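>>> Structure, please.
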Amino acid sequence: MTEKEYRSHPAISHSQLLKIAESPEKFKYYQENPEEPTPALIFGQLFHAMALQPETVNDLFAVAPNVDRRTKAGKEAFAEFQKEAENKTIVTADMYQQATEMCEALRKNEFVQKLLAGEKEVAFFWDDDLTGEPCKCRTDVLTDLGDSLIVVDLKSTEN
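Coordinates of the predicted model:
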């Protein structure tokens with residue numbers, strides 16, 4: 001199941017529960033007016049894809065060319081890039097480089113490699129026993145280590 005399919009599924013997620021805990025009005029507002037992704041969120045999505053599903057990166061992201069968009073030539077080059085990058089998330093070369101370096105660091109750590117070796121992007125759906133509300137969650141990785149099933153949640157931060 002793709003992330004887009006998961007996100008469009010009508011069951012409620014943890015992030016939605018956080019919004020409704022603030023107020024039902026805020027939850028309804030965000031349902032009707034989805035937020036534009038912040039640069040930090042976009043970076044996290046890029047890092048997540050690079051680390052867990054590197055085969056999808058080129059389908060999902062496009063690295064913006066380093067052109068001066070104040071000039072006619074720069075505007076034309078960027079417009080051509082945007083046309084080619086349609087339906088992809090545009091990231092800067094710096095973001096791409098930083099995410100690449102972070103993934104290289106992950107790959108150097110043997111224990112991290114064991115954690116990331118499991119089944120990726122596993123979606124779960126159930127009905128809450130108390131309310132009957134359909135619920136959902138998606139793990140980054142499910143990994144068996146010895147006798148333990150480990151749920152891995154990969155995160156990135158600005159600091």
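
>>> how much space between the residue nearest in space to the middle of the chain and I90?
Closest residue to the average C-alpha location of the chain: Q45 at 3.0 Å, with C-alpha atoms, centre = their mean. Distance, Q45 to I90, using C-beta to C-beta, to the nearest Å: 12 Å. Using the backbone N, CA and C atoms, a C-beta is placed for each residue, glycine as well.

>>> and if you look at L142?
In terms of C-beta to C-beta, L142 sits 31 Å off from I90.

>>> re earlier: so who does the residue nearest to the centre of the chain touch?
P37, L60, T89 (C-beta atoms under 8 Å, 6 or more residues apart in numbering).

>>> ok so it is a strand residue?
No - read with DSSP: H, G, I helix; E, B strand; the rest coil, Q45 is helix and lies in no strand.

>>> Not counting sequence-adjacent ones, nearest residue to A85?
A62 (3.5 Å; C-beta to C-beta, 6 or more residues apart in numbering).

>>> Can you classify that neighbour by secondary structure?
strand.

>>> Which phi and psi values does I150 adopt?
For I150, the backbone dihedrals (degrees, to the nearest 10) come out as phi -110, psi 130.

>>> roughly how far apart are the closest residue to it other than its chain neighbours and T56?
Excluding its sequence neighbours, the residue lying closest to I150 (C-beta to C-beta, 6+ apart) is T143, at 4.7 Å. Noted for T143: a distance of 20 Å to T56, by C-beta to C-beta.

>>> Give me the more crowded residue out of these two.
T143 (18 against 14; other C-beta atoms under 10 Å).

>>> and the helix or strand where that one lies, average pLDDT?
Using DSSP states H and E, T143 sits within strand 134-145. The average pLDDT within strand 134-145 is 95.
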